[in-house]
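Visitor: Turn this into a structure:
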Amino acid sequence: MIHAEGLTKHYGTKTAVDAISFTVKPGLVTGFLGPNGAGKSTTMRMIVGLDRPTAGSVTVNGKPYAEHRSPLTEVGALLDAKAIHTGRSAYNHLLAMGATHGIGKSRVNDVIGLTGLETVAGKRVGGFSLGMGQRLGIAAALLGDPATLILDEPVNGLDPEGVIWVRNLARHLAGEGRTIFLSSHLMSEMALTADHLIVLGRGKIIADAPVSEILAASTRTSVRVRTPQVDRLTELLRGPDTTITTAELGLLTVTGLTAPVIGDAAARAGIVLHELTPVAASLEEAYMELTQDDIEYHTEAPPGVNTTTNTSTQEVAR
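Guide: Below is the predicted model of the structure:
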């Protein structure tokens, strides 16, 4: 279990983490999300003692990380896969780590096999691809067979098979009752992997709830409408709380109206509909809605994507 209470970190006048409190429970995969600069990496570094909190506290399995006599067997962490001596082989890197905790060759061989590194275990780490480096970082995190696992962007650089492997590994370890805390920018993958989410924005917690609750709370449920009379239907549906976008000829996405309302209005106006499909919000859409006020840099829609909205909803639609 990971428990933070009033955890705060200042860098000069900048507040990176602002008095956050949360608990990461065993038996669940907890995803850690937030825009760049939200404080995720700083929080993870404070959990494992790499950064000292300005205020507040954080414990892992009941103690501050520095107080564990055998930290590798308590907490496995992947925070920077590149933080490895590039002249060592993968095998020797893991062997040296294990030696600090009395972990021998047998366990080193186990994690090499588990992470698919058998064919490159004898090669120098400096020649590894990004994906192989990630696998080695995960192997190091697993070396002590820890009760708690902290992984920062574990699927970065992995091929599709590797992404699925990390997903299955996280869920398997959580099923064993371990505490799994991981971050990722891949919302589609987080939706498949995480049971619970903690979302940071500008150093503060803006959501701490099961994935299902975050999806249910989203207001971005929309309706996909296909019609040969796009212009007429757009004019008909235009309103103060309605957002209408089109990404291809004859297809509209309508937010702010239900499918029955759209269908009834089209029928009364004699407008032909070829499709009328309610679409629930994805985790990516729910996340964007949660963090829209906490993103430092905003971009416009890509060329060719036509957006028709009223002024009051335009910022949400971006």
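
Visitor: List the buried residues of stretch 77-84.
Guide: Within stretch 77-84, the residues that count as buried by 16 or more other CB atoms under 10 Å are Ala77, Leu78, Leu79, Ala81, Ile84. Where you see a C-beta, it was placed from the backbone N, CA and C, and this is true even at glycine.

Visitor: Then stretch 243-261?
Guide: Residues of stretch 243-261 classed as buried by neighbour count (16+ other CB under 10 Å): Thr243, Ile244, Thr245, Thr246, Leu252, Thr253, Val254, Thr255, Gly256, Leu257, Ala259.

Visitor: tell me the two of these that are most distant?
Guide: The largest distance within these, taken as CB to CB, falls between Thr246 and Ala259 and amounts to 17.3 Å.

Visitor: ok so, going back, quick one: which of the buried residues of stretch 243-261 is nearest Glu285?
Guide: Nearest to Glu285 among these is Thr255, at 9.8 Å by CB to CB.

Visitor: Am I right that that closest one is in contact with Arg224?
Guide: No. If you go by CB atoms under 8 Å, Thr255 and Arg224 don't touch, sitting 10.7 Å apart.

Visitor: returning to what we had before: what about the buried residues of stretch 243-261, which are in helices?
Guide: Using DSSP state H, the subset of these located in helices is Ala259.

Visitor: Give me the subset of the buried residues of stretch 243-261 lying in strands.
Guide: Secondary structure defined by DSSP state E assigns Thr243, Ile244, Thr245, Thr246, Leu252, Thr253, Val254, Thr255 of the buried residues of stretch 243-261 to strands.

Visitor: tell me the least confident of the buried residues of stretch 77-84?
Guide: Checked by pLDDT, the buried residues of stretch 77-84 have Ala81 as the lowest-scoring entry (77).

Visitor: which SSE is it in?
Guide: Applying DSSP states H and E as the criterion places Ala81 outside every helix and strand.

Visitor: Would you map out the domains in the protein?
Guide: According to automatic domain parsing, the chain comprises the domains 2-216, 220-317.

Visitor: which of those sits most buried?
Guide: Neighbour counts (mean count of other CB atoms under 10 Å) averaged over each of the domains of the chain peak at domain 2-216, with a mean of 18.

Visitor: Where does the prediction get shaky in this protein?
Guide: 219-220, 294-318 (pLDDT under 70).

Visitor: can you tell me which residue is nearest the centre of this protein?
Guide: Central residue of the chain (CA atoms, centre = their mean): Ser184, 3.3 Å from the mean position.

Visitor: In space, what's closest to that residue - neighbours in sequence excluded?
Guide: In space, and not counting its chain neighbours, Ser184 is closest to Met190: 5.2 Å by CB to CB, 6 or more residues apart in numbering.

Visitor: ok, the one you found touching Leu33?
Guide: Yes. With contacts counted by CB under 8 Å, Met190 reaches Leu33, the gap being 6.9 Å.

Visitor: Tell me where this protein has strands.
Guide: Assigned by DSSP E, the strands in the chain fall at 2-11, 14-24, 29-33, 55-60, 75-78, 148-152, 179-183, 196-201, 204-210, 222-226, 243-248, 251-255, 275-279, 306-309.

Visitor: Show the contacting residues for the nearest residue to Pro71 once chain neighbours are set aside.
Guide: Of all residues not flanking Pro71 in the chain, Tyr65 sits nearest, at 6.2 Å (CB to CB, 6+ apart). Tyr65 is in contact with Ile47, Val48, Gly49, Pro71, Glu74, Val75, counting by CB atoms under 8 Å, 6 or more residues apart in numbering.

Visitor: try 10 Å this time
Guide: 2, 46-50, 58-59, 71, 74-75, 77, 148, 150 (CB atoms under 10 Å, 6 or more residues apart in numbering).

Visitor: From Asp18, how far off is it?
Guide: Distance of Tyr65 to Asp18, computed by CB to CB, to the nearest Å: 21 Å.
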